[in-house]
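J.: the sequence isn't on hand, but the structure is:
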DNA sequence: GTCTATATCGAGATAGAC
DNA sequence: GTCTATCTCGATATAGAC
């Protein structure tokens, strides 16, 4: 990443404002980089992951990685967009199911399924400070989250309803990475999460 | 941090095995370093925070920071231990309330109160990969978490009960840092969290 | 698509004066 | 307790050959 007056520049999407929700089809070499990057981000964090680590993981040199992506920031952005595209599919599918409880039901099951399936990477994608800053300034992502929350909220309004969906989101994202549940198989975890989140929504407010 | 054969060495507690749950009283200069470090960890992650950033934040030079702590790892460890000591007080207090529902009730309210109060730093303390690795090899921390989970579990056993407390933990930790709730005042957030977590425990399994 | 080689900078860390 | 000065290394990044 380029430099700042004092430290290295904070990551922004300024250089890549054109990138939206439709990441072009990456080459095989690019996909290898992105897969290695995601694994390493999960283990060491974005800042703790160097281009050298990615190169070693793939079994090539740093220069080969730089041939696929011009900067580290481009890699982070590409990783984020690939995951966003997955989430977009789920939200779009839920929206197609209408505006009420059915839509919410569809979204919940799709999101839980995705979160469980990709639990090794959830923390890197949603908890890493570099990723948070990047996505927080990335309008397509903000729009996607708005849509997601709209489906979850349905017709509800008010603080309690917002707290409720925030808690459900947090519970899903946090449970799949929770050390207590690290040994639990995906199917059981998914079933339990589905059950408990459904009951959270059925609770009287 | 010292180096590895290939990259810089992963953080361990090997050098400081003697440090436990009773951090010595830090000097005023040391506390300034720890406060700055915690803020910066929350904003940039542990790996993304340099000694230079800490020095700038405090208004001294790097060498002055190195006079207070011999390595960056010592700073991370000290930050973690100060927070652990806070949590330890809450767990100890809950344990004093017995072994049943009352103990759980005390612990829940204390933990929620702590999490809300310190929500700016929760992600850095529980989600940062460096912190996770450090604490995961730190026996006093593992013991503390065992005690915490024991109080939450009470007499319950079985997968569903474990999932339940994992979800409650995740919900608390995740809700306080959730962007949707960033604008919510501490008192409201605390009350809502208390209510919803209590209901989660009252649900029939 | 991958390599070797290199440039530049900031990181962690230390020595020694005040 | 803080400073200036310095060391070494790994980080991002580029040039140019194969």
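T.: Perfect, I can see it now. Predicted model only: the values in this text are computed from it and were never measured. Residues are numbered from 1 along each chain as shown, chains lettered A, B, ... in the order given.
J.: get me the contact residues on chain A for DNA strand D.
T.: Within chain A, the positions near DNA strand D by C-beta under 7 Å from any atom of the strand are A:1-2, A:49-53, A:62-63, A:66-67, A:70-73. Using the backbone N, CA and C atoms, a C-beta is placed for each residue, glycine as well.
J.: and those, which is closest to residue A:199?
T.: Minimum distance to residue A:199 across these is 38.6 Å, recorded for residue A:49 (C-beta to C-beta).
J.: tell me who's in contact with the closest residue to that closest one other than its chain neighbours.
T.: Computed as C-beta to C-beta, 6 or more residues apart in numbering or on different chains, the closest residue to residue A:49 that is not its neighbour in sequence is residue A:40, at 4.2 Å. Neighbouring residues of residue A:40 by C-beta atoms under 8 Å, 6 or more residues apart in numbering or on different chains: A:49, A:53-54, A:57.
J.: let me see the mean pLDDT of stretch A:71-90.
T.: Mean pLDDT, stretch A:71-90: 97.
J.: actually stretch A:161-171, not the one I wrote
T.: Taken as a whole, stretch A:161-171 carries a mean pLDDT of 96.
J.: phi, psi for residue A:137 please.
T.: Backbone torsions of residue A:137, given as degrees, to the nearest 10, read phi -110, psi 10.
J.: I misspoke; the intended subject was residue A:128.
T.: According to degrees, to the nearest 10, residue A:128 has phi -70, psi 130.
J.: surely it meets residue A:43?
T.: No: with contact defined as C-beta atoms under 8 Å, residue A:128 does not count as touching residue A:43 (11.4 Å).
J.: more crowded one of the two?
T.: Neighbours around residue A:128 and residue A:43, counted as other C-beta atoms under 10 Å in any protein chain shown, are more numerous at residue A:128. The numbers are 29 against 17.
J.: what about the more buried one, distance to residue B:78?
T.: 23 Å (C-beta to C-beta, to the nearest Å).
J.: could you do residue A:146 as well?
T.: Separation of residue A:146 from residue B:78 (C-beta to C-beta): 40 Å.
J.: looking at the contacts of residue A:40, which are in strands?
T.: If you go by DSSP state E, those have nothing in strands.
J.: quick check, nearest of those to residue B:176?
T.: Out of the contacts of residue A:40, the member with the shortest distance to residue B:176 (by C-beta to C-beta) is residue A:49, at 26.9 Å.
J.: can you point out the buried residues in the one helix or strand in chain A whose mean pLDDT sits lowest?
T.: None of the helices or strands of chain A scores lower by mean pLDDT, DSSP states H and E than helix A:186-202, at a mean of 93. The neighbour-count check on helix A:186-202 (16 or more other C-beta atoms under 10 Å in any protein chain shown) flags A:189-190, A:192-194, A:196-197, A:200-201 as buried.
J.: quick one: which two of these are the most distant?
T.: A:189 and A:201 (18.8 Å).
J.: tell me which stretches of chain A form helices.
T.: In chain A, helices defined by DSSP state H lie at A:28-44, A:51-58, A:62-68, A:72-96, A:101-117, A:119-127, A:129-136, A:139-153, A:159-175, A:186-202, listed in chain order.
J.: ok, now how distant is residue A:175 from residue A:38?
T.: 21 Å.
J.: low pLDDT regions in chain A?
T.: A:1-24, A:203-205 (pLDDT under 70).
J.: how about the residues of it by DNA strand C?
T.: Counting by C-beta under 7 Å from any atom of the strand, chain A sits next to DNA strand C at A:3, A:7-8, A:27-30, A:55, A:59-64, A:67-68.
J.: just checking, what packs against the least confident helix or strand of chain A?
T.: In terms of contacts (3 or more C-beta pairs under 8 Å, 6 or more residues apart in numbering or on different chains; DSSP states H and E), helix A:186-202 is packed against helix A:101-117, helix A:159-175, helix B:159-175, helix B:186-202.
J.: the same query, at a cut-off of 7 Å, please.
T.: helix A:101-117, helix A:159-175, helix B:159-175 (3 or more C-beta pairs under 7 Å, 6 or more residues apart in numbering or on different chains; DSSP states H and E).
J.: what's the closest of these to residue A:135?
T.: Ranking the helices and strands packed on helix A:186-202 by distance to residue A:135, with C-beta to C-beta as the measure, places helix A:159-175 first at 13.7 Å.
J.: just the buried ones from the residues of chain A next to DNA strand D?
T.: Neighbour-count burial (16+ other C-beta under 10 Å) applied to the residues of chain A next to DNA strand D gives A:49, A:51, A:53, A:66, A:72-73.
J.: what sits against the closest residue to residue A:171 other than its chain neighbours?
T.: The shortest distance from residue A:171 to any non-neighbouring residue, by C-beta to C-beta, 6+ apart, is to residue B:171 (4.2 Å). Going by C-beta atoms under 7 Å, 6 or more residues apart in numbering or on different chains, residue B:171 touches A:167, A:170-171, A:174, B:197.
J.: what's the spacing between residue B:171 and residue B:30?
T.: In this structure, residue B:171 and residue B:30 are 34 Å apart, going by C-beta to C-beta.
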